[in-house]
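A.B. asks: starting from these lines, generate the structure:
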Amino acid sequence: MRFKHVFSIIGPSMVGPSSSHTAGAVRIGRVARQLLGCQPEKVEATLYGSFAETYWGHGTDLALTAGLLNFDTDDERIPEADIEAEKAGMSIEWVQGKGNGPHPNSVKLKLWAGERKAEMVAASIGGGTIAVYALNGFDVQMTGEYPTIAVTHTDSRGVIADLTGLLSREGVNIGYMDVDRKGRSEAAMTVFELDSAPAPSVLEEMARLPHILEVTMIDLTQRS
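C.D. replies: This next block holds a predicted model:
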């Protein structure tokens, strides 16, 4: 994924020490939390490459924890995110993975809360920018730069036409989309990066469409 503006290189307003190991990691944690749809109770974080080698010294563990708590990149509580996680009843297991994964600064997160669970593979690619490579076992990509809808559905004829038609009727422009499926007529996921966040009523209508299993809104443009 290419840098599209100067702030992708400079990085966002943040609590240091590193835009890649701190700001990017916070944003990864926030995306994972929004994918789950609530505060995680238990997290397994498998770190790869540079993340695995230097996460403690660079505070990557604290940054990921902060994101999972829905803190923003400039939240002054980031250095004490482990304490805040304990207060919130969230436990995290840190695992050092082998190799670089899809990127030298990558992590695989598994989250649980009650009966809910989520899984995500993502990387911090510089300047606080992130790349998401997989959501809940589907190979779909997103950046977190724009309001994003992740739709789980069956691989059925007309589903994508129904989804894009609804967004078009509501005046919502699609900037990017990606699709993956487990197999013909099996479970699938479509991800839409949008120029603007749709109204909650649009998401509700989308969830009522035929063959839709779950609709999840991921929006880092909204302050926590």
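A.B. asks: dig out what residue 187 forms beta bridges with.
C.D. replies: Beta bridges link residue 187 to residue 154 when assigned by DSSP bridges.
A.B. asks: what's it in contact with, if anything?
C.D. replies: Contacts for residue 187 were tallied using Cβ atoms under 8 Å, 6 or more residues apart in numbering; they are 152-155, 181, 213. Quick note: C-beta positions are derived from backbone N, CA and C, even for glycine.
A.B. asks: repeat that for residue 183.
C.D. replies: residue 155.
A.B. asks: helix, strand or coil for it?
C.D. replies: coil (DSSP: H, G, I helix; E, B strand; the rest coil).
A.B. asks: hmm, back to that, next, format the contacts of residue 187 as CSV and append distance to residue 196 and neighbour count.
C.D. replies: Below are those laid out as CSV (distance: Cβ to Cβ, whole Å; neighbours: other Cβ atoms under 10 Å):
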residue, distance to residue 196, neighbour count
152, 22, 16
153, 23, 23
154, 28, 15
155, 28, 18
181, 27, 16
213, 25, 12
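A.B. asks: pLDDT and distance to residue 130 for those residues - can I get that in TSV?
C.D. replies: Shown next, in TSV, are the contacts of residue 187 (pLDDT from 0 to 100; distance: Cβ to Cβ, whole Å):
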residue	pLDDT	distance to residue 130
152	98	21
153	98	25
154	98	29
155	98	28
181	98	24
213	98	26
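A.B. asks: so which two of those are the farthest from each other?
C.D. replies: The largest separation in these, counting by Cβ to Cβ, is between 181 and 213 at 12.4 Å.
A.B. asks: ok, the longest strand belonging to the chain: who's next to it in the sheet?
C.D. replies: If you go by DSSP state E, the chain has its longest strand at strand 116-126. Strand 116-126 pairs in its sheet with strand 105-113 (antiparallel), strand 129-135 (antiparallel), by DSSP bridges.
A.B. asks: just give me how far it sits from the chain centre.
C.D. replies: In terms of Cα atoms, centre = their mean, to the nearest Å, the centre of strand 116-126 is found 5 Å from the chain centre.
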